[in-house]
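Chemist: only the shape, not the letters, is given here:
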Ligand code: PAF
């Protein structure tokens, strides 16, 4: 495995891989890797001749400076994990390498990117599209792998790929959870042991809502999740929306769509740590 820090260096190694007829799988990450990322890398390694993983904390997608400052950086540990998983390249550029000039491009995919994360983190998806498009241009992957924990992000990236006419396959991958149900996230590393204990209530009430939905309206199910999580001291729901899984628009009734997902963001603890998760009510998530 090679650690590469420049776009030119990346291009040289990739052209050799391509000249050998290898397909290129790509896993974009912001580092602080965990088993969720590992599952994406394993899938890429199993489906492609060559796997590139980017490890770059992208400043343009953080609308909150403190959030950016607190974001964990663990490149050495990330490289050890990636080597053991069989990745071929870790691409870990500097901010100057990715943004030699301020990126003034704007990306807008309403209504997908205007709600939920789009509404609560203004500019977030624009920053995600800026970096992911730059990475796609640098890597030119055949396939790119994204976790469904960031359910709305996957929809925005699919819209961007179509908009830019890029010839690559977006491969959504299932959420990976701790044994107790908490969705894996790099931000979990920021939780104190006490906060980690209460954070499990997020997935607990999402799972319970799958039973609760039987015989209850969509509005009642939404309230069930919000009210129960808000009752836990140290947790505060920022939003919980039950949406159409393609358009990301809030639904009024279970009958309004055949593909329904509930997407939640919760503040946990003193700092607080912002945790996201989602649950499928109708239709199918990615399977593997
Ligand atoms: O999901 C993430 O970790 C980031 O948003 C991504 C896709 C790597 C872009 O910085």
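Modeler: Received it, and whenever you're ready, just let me know what you need. Everything numeric here is computed off the predicted structure, so don't read it as measured data.
Chemist: what does this protein put close to the ligand?
Modeler: Proximity of the chain to the ligand (CB under 6 Å from any ligand atom) is limited to residues 28, 29, 30, 58, 61, 128, 131, 132, 150, 153. No exception for glycine: its C-beta is placed from N, CA and C like everyone else's.
Chemist: the fourth one is in contact with residue 30, isn't it?
Modeler: Yes: at 6.5 Å, residue 58 and residue 30 qualify as touching, with contact defined as CB atoms under 8 Å.
Chemist: comparing these two, which residue is more hemmed in?
Modeler: Taking other CB atoms under 10 Å, residue 58 and residue 30 do not tie; residue 58 has more neighbours (21 against 18).
Chemist: if I look at that one, how far off is residue 31?
Modeler: 11 Å (CB to CB, to the nearest Å).
Chemist: ok, now residue 54?
Modeler: To residue 31, residue 54 is 9 Å away according to CB to CB.
Chemist: what's the answer for residue 161, then?
Modeler: 23 Å.
Chemist: which other residues reach stretch 65-79?
Modeler: 1, 3, 29-33, 55, 57, 59, 62, 90, 92, 186, 189-190, 271, 274 (CB atoms under 8 Å, 6 or more residues apart in numbering).
Chemist: one more time with 10 Å, if that's ok
Modeler: Outside stretch 65-79, the residues within contact range by CB atoms under 10 Å, 6 or more residues apart in numbering are 1, 3, 29-34, 37, 53, 55, 57-62, 64, 80-81, 87, 90, 92, 121, 186-190, 271, 273-274.
Chemist: inside strands: which ones of the residues of the chain next to the ligand?
Modeler: 28, 29 (DSSP state E).
Chemist: export the residues of the chain next to the ligand as TSV, with columns for pLDDT.
Modeler: Shown next, in TSV, are the residues of the chain next to the ligand (pLDDT from 0 to 100):
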residue	pLDDT
28	98
29	98
30	97
58	98
61	97
128	98
131	98
132	98
150	98
153	98
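Chemist: out of the residues of the chain next to the ligand, which end up buried?
Modeler: Buried members of those, counted by 16 or more other CB atoms under 10 Å: 28, 29, 30, 58, 61, 128, 131, 132, 150, 153.
Chemist: the second one contacts residue 53, correct?
Modeler: Read that as residue 29. Yes: Residue 29 lies in contact with residue 53 (CB atoms under 10 Å); the separation is 6.2 Å.
Chemist: and for those two, which residues touch both?
Modeler: Contact criterion CB under 10 Å, 6+ apart; residues shared by residue 29 and residue 53: 37, 40, 41, 78, 82, 90, 91, 145.
Chemist: farthest pair within those?
Modeler: Across those, the longest distance by CB to CB is 15.8 Å; it joins 78 and 145.
Chemist: who has more neighbours, those two?
Modeler: Remark: of residue 78 and residue 145, residue 145 carries more neighbours, 26 against 22, as counted by other CB under 10 Å.
Chemist: quick check, that one in a strand?
Modeler: Yes: counting by DSSP: H, G, I helix; E, B strand; the rest coil, residue 145 is part of a strand.
Chemist: list the contacts for residue 217?
Modeler: So residue 217 contacts 223, 252, 253, 254 (CB under 10 Å, 6+ apart).
Chemist: buried subset of the contacts of stretch 65-79, written for ChimeraX?
Modeler: Buried residues among these (16+ other CB under 10 Å), as a ChimeraX selection:
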select :1,3,29,30,31,32,33,34,37,53,55,57,58,60,61,62,81,87,90,92,121,186,187,188,190,273,274
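Chemist: hey, which helix or strand in this protein has the poorest pLDDT?
Modeler: helix 65-70 (a mean of 90; mean pLDDT, DSSP states H and E).
Chemist: chain center to it, what's the gap?
Modeler: Put simply, helix 65-70 sits 18 Å off its chain's centre (CA atoms, centre = their mean, to the nearest Å).
Chemist: and the helix or strand that comes right after that helix, what's buried?
Modeler: Following helix 65-70 in sequence order, the next helix or strand is helix 75-85 (DSSP states H and E). Under the neighbour-count criterion of 16+ other CB under 10 Å, helix 75-85 has 78, 79, 81, 82, 85 buried.
Chemist: what do you get for stretch 206-223?
Modeler: Buried-residue list, stretch 206-223, by 16+ other CB under 10 Å: 206, 209, 213, 218, 221, 222.
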